[in-house]
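[1] Make a model of this:
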Amino acid sequence: MVTFRAPHLVALIGFMAAQPMHGQAPAYGCHFVKIHMRDSVQLNTSICDPSGPHGPLPFLLTRTPYGIAGDTVVGDDYRFLAAEGYIFVSQDIRGRFGSEGQFLMNRPLHDPADPKGIDESTDTYDTVDWLLHNVPDNNGRVGVLGVSYPGFLATMAGIHPHPAVRAISPQAPMTDTWMGDDFFHQGAFRLSYGFEYAGSMELSSNLSIPLPIGTWDTYDWYYRLGPLANVDAKYLHGKVPTWEAFVAHPAYDGYWQARAVQRTLTAPGVPTLTVGGWWDQEDRYGPLATYRALERGDTAHRNFLVMGPWNHGGWRREARRMPVVDPGTSEAYLRDVEAPWFAFWLKDKGALKEPEAYLYDAGARQWRSFDRWPAQGGTARRLYLHAGGRLSFDPPATGETPFDQYVADPAHPVPYRSRPVEQTYDPRGSRWRTWETEDQRFVDGRPDVVRWVSEPLTEDVLIAGDVTAHIVASTTGRDADWVVKLIDVFPDSVPDDWHLGGYELMVAHEIMRGRYRKSFSAPEPLKPATPLGFTVDLHQQCYDFRKGHRIMVQIQSTWFPLYDRNPQTWVPNIFRAKASDFRAQTHRIWHTSELPSRIEVTVVR
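    Numbering: from 1, shown residues only. All right, here's what the predicted structure looks like:
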């Protein structure tokens with residue numbers, strides 16, 4: 001059942017304390033300690049508690065690979081938690097900054113047959129146990145939260161948790177880095193992010209090694225780089241273990257499956273508030289996959305989800321707000337959702353009601369609450385591609401032109417955002433955080449991007465749930481990538497905000513590599529010139545296409561340099577492809593009554 005609530009977040013929160021918290025945070029004093037793990041490795045840890053006398057307080061723990069040297073004050077994004085009163089703990093994980101041991105990217109759970117095994121879950125357990133016995137004036141309860149990699153670590157805290165862990169909040173957790181988070185998306189390799197992030201993390205334990213990108217527009221740099229084999233040969237030289245893993249494990253094999261956290265989740269071990277952003281450029285897949293996996297066994301009703309109009313971690317920093325989708329929501333989330341939720345579980349404060357999910361609808365610019373997610377009681381609908389670039393809920397008629405075609409040329413890839421494409425985390429400034437809300441008109445006129453658009457809507461169309469593209473396509477080659485975008489086309493005139501006139505906003509989007517059509521773990525070549533069915537999971541969305549707007553679908557086969565270029569010939573391992581393997585091919589998208597290409601959504605209104 002879906003219940004629509006008031007557009008202001010504070011009005012719809014059922015599990016918040018009776019009154020919002022506006023108190024001033026007390027002064028905090030911080031000190032550093034070394035905490036021994038079960039294998040004698042010491043982890044660098046910061047402990048901050050309120051100065052002056054106070055009663056027993058719970059801990060709030062954040063573990064991170066990004067360094068805690070600056071954690072001598074409680075961060076501004078924790079201000080409402082600080083006003084409530086906690087003992088704040090942050091920790092460098094193994095092999096990072098001030099902690100001993102070896103860093104391992106997305107360390108999987110250890111073999112349960114190994115009694116001496118360690119992982120992020122055991123390190124959290126040992127940390128919590130030490131805190132309880134060595135930090136005075138604690139109430140015996142611990143909450144764990146974090147964003148991105150620390151979000152993954154928060155999830156791990158809920159696996160075989162210490163009894164004192166009473167609540168966790170994985171926020172934008174990097175959950176499955178092959179299927180849909182940082183490094184691959186349904187088989188397509190995230191080139192710029194994989195190279196820049198893995199290199200910065202593993203060439204040094206403290207992020208001090210600069211990457212060798214010497215041009216402002218990284219589109220040019222990655223283009224001149226050539227095949228993926230040149231990355232290690234020219235720059236990394238076997239010194240980045242995660243890159244070596246990319247090369248050795250291009251498919252979804254046991255290496256990636258062991259690191260796919262959602263595959264190990266069966267039910268919430270503790271109350272869990274999973275948080276994400278609909279336009280998260282790094283980990284949009286993770287929060288939805290985490291919530292979905294926990295929901296299967298949530299008989300105690302301890303599984304909660306918040307998805308807002310945010311990019312990666314945007315709910316923690318107002319400065320990262322994207323005005324085209326977000327009128328200003330982060331403050332209310334921190335004050336009226338996160339702070340009361342932790343206060344309930346860790347301090348027995350306030351009343352708790354249990355709606356399933358709070359989701360922001362950027363089309364209507366309001367929050368909606370759902371008793372279950374995906375929404376129940378909606379109607380399954382199909383948006384069909386038609387001849388002449390038309391998009392409609394009606395299926396294709398007999399006699400329509402059967403396909404649209406385009407030439408995809410690896411020598412002329414479509415940029416994933418308007419150029420110049422700055423480095424991902426360029427200290428001089430980068431639009432990386434906002435590219436998913438960029439106006440898609442920047443690819444207008446490209447012959448290798450095909451589009452279908454509806455007539456102006458005569459009524460609102462609210463989608464809530466899974467968004468899945470089923471396309472029928474053929475190629476003259478033996479492999480191909482399929483990028484599918486579901487777009488809200490604004491009216492030509494938007495009097496309240498003129499710059500939005502005709503704006504093309506991606507509502508959902510994704511890529512999949514054709515060789516994985518049948519199996520993500522066992523790729524195989526495509527049969528040339530043969531229409532084949534491909535499923536592109538665009539994940540989920542809660543979005544109201546408003547009356548007068550139009551719905552558009554775009555399809556293309558390159559998205560560079562975010563994703564590597566597909567040679568479009570058969571190469572068993574694209575990481576070992578040669579320059580001569582890359583060839584232009586002609587692709588056809590079919591849309592007949594017998595071979596219908598369509599986007600499947602759930603319409604609740």
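
[2] As a check, name the ranges of all strands in the stretch 401-550 of the chain.
    Along the stretch 401-550 of the chain, counting by DSSP state E, counting those that start in this stretch, strands occupy 403-408, 449-453, 461-475, 481-489, 504-513, 532-545, 550-556.

[3] Same question for the stretch 51-200 of the chain.
    So, for the stretch 51-200 of the chain - with DSSP E, counting those that start in this stretch - the strands run 57-64, 87-92, 138-147, 165-171, 184-185, 188-189.

[4] end-to-end on stretch 127-140?
    13 Å (C-alpha to C-alpha, to the nearest Å).

[5] May I see the buried residues of that stretch?
    The neighbour-count check on stretch 127-140 (16 or more other C-beta atoms under 10 Å) flags 127-128, 130-132, 138-139 as buried. Backbone N, C-alpha and C define where each C-beta goes, glycine included.

[6] Of the residues you listed, which is the nearest to residue 432?
    The closest of the buried residues of stretch 127-140 to residue 432 turns out to be residue 127 (C-beta to C-beta; 32.1 Å).

[7] Save the strands of the stretch 51-200 of the chain as JSON lines, and put in mean pLDDT and distance to residue 112 too.
    Conversion of these to JSON lines gives the following (pLDDT from 0 to 100; distance: least, C-beta to C-beta, whole Å):
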{"stretch": "strand 57-64", "mean pLDDT": "98", "distance to residue 112": "22"}
{"stretch": "strand 87-92", "mean pLDDT": "97", "distance to residue 112": "24"}
{"stretch": "strand 138-147", "mean pLDDT": "98", "distance to residue 112": "22"}
{"stretch": "strand 165-171", "mean pLDDT": "98", "distance to residue 112": "19"}
{"stretch": "strand 184-185", "mean pLDDT": "98", "distance to residue 112": "27"}
{"stretch": "strand 188-189", "mean pLDDT": "98", "distance to residue 112": "32"}
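
[8] Look up the closest residue to residue 586, ignoring the ones flanking it.
    residue 476 (4.8 Å; C-beta to C-beta, 6 or more residues apart in numbering).

[9] In this structure, where is pLDDT below threshold?
    Along the chain, segments meeting pLDDT under 70 span 1-25, 207-210, 353-354.

[10] the longest helix in it is where?
    helix 120-134 (DSSP state H).

[11] now that helix against strand 57-64, angle please.
    For helix 120-134 against strand 57-64, the angle by axes from the mean of the first three to the mean of the last three C-alpha atoms, to 10 degrees is 150 degrees.

[12] which secondary structure elements does helix 120-134 contact?
    strand 28-36, strand 42-50, strand 57-64, strand 87-92, strand 138-147, helix 149-157 (3 or more C-beta pairs under 8 Å, 6 or more residues apart in numbering; DSSP states H and E).

[13] for those, which one ends up most surrounded?
    Of the helices and strands packed on helix 120-134, the one with the most neighbours on average (mean count of other C-beta atoms under 10 Å) is helix 149-157, at a mean of 28.

[14] got the angle for it vs strand 138-147?
    Going by the same axes, to 10 degrees, helix 149-157 makes 130 degrees with strand 138-147.
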